[in-house]
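In: here you go, sequence then predicted model.
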Amino acid sequence: MPRKCVVCDGEPEFLIKGTNDLYCKGCAEESFADISYLEKIGEQKTSEDEIDQLIEEKQIE
């Protein structure tokens with residue numbers, strides 16, 4: 001299932017940490033006074049990749 005902005009169905013760039021609420025840049029700026037509190041999707045994906053890598057390393061040991 002493709003990820004979409006919860007407001008406009010556009011390409012999401014931000015999310016609220018710990019939720020599935022995704023926002024494109026325009027909707028994030030309109031909805032929040034300070035978007036620096038939101039997590040960028042790329043950063044979140046990197047964290048997930050790091051966790052997956054750690055799990056694989058532990059399974060090899």
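Out: It's in.

In: could you count how many residues lie near the nearest residue to Ser31 once chain neighbours are set aside?
Out: Distances taken as CB to CB, 6 or more residues apart in numbering place Tyr23 nearest to Ser31, at 6.5 Å, with adjacent residues excluded. In short, each C-beta sits where N, CA and C put it, glycine included. Neighbour count for Tyr23, taken as other CB atoms under 10 Å: 25.

In: tell me the confidence at Tyr23?
Out: pLDDT, Tyr23: 96.

In: from Cys27, how far out is Leu54?
Out: Leu54 sits at a distance of 33 Å from Cys27 (criterion: CB to CB, to the nearest Å).

In: same drill for those two, tell me which one is more crowded.
Out: Using other CB under 10 Å as the criterion, Leu54 and Cys27 rank with Cys27 on top: 19 against 10.

In: who's in contact with that one?
Out: Under the criterion of CB atoms under 8 Å, 6 or more residues apart in numbering, the contact list for Cys27 reads Cys5, Val6, Val7, Cys8, Gly10.

In: which of the three states applies to the last one?
Out: At Gly10, secondary structure determined by DSSP: H, G, I helix; E, B strand; the rest coil is coil.

In: let me have the contacts of Cys27 in CSV, extended by neighbour count and pLDDT.
Out: Formatted as CSV, the contacts of Cys27 follow (neighbours: other CB atoms under 10 Å; pLDDT from 0 to 100):
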residue, neighbour count, pLDDT
Cys5, 19, 95
Val6, 18, 95
Val7, 16, 96
Cys8, 13, 97
Gly10, 15, 94
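
In: ok, these vs Phe32, which is closest?
Out: Nearest to Phe32 among the contacts of Cys27: Val7, at 11.4 Å, using CB to CB.

In: so who does that closest one touch?
Out: Here Val7 is in contact with Tyr23, Cys24, Cys27, Glu30, Ser31 (criterion: CB under 8 Å, 6+ apart).

In: take those residues and keep only those in helices.
Out: Judged by DSSP state H, the contacts of Val7 include Cys27, Glu30, Ser31 as members of helices.

In: give me the pLDDT value at the first one.
Out: Think Cys27. On the pLDDT scale, Cys27 gets 97.
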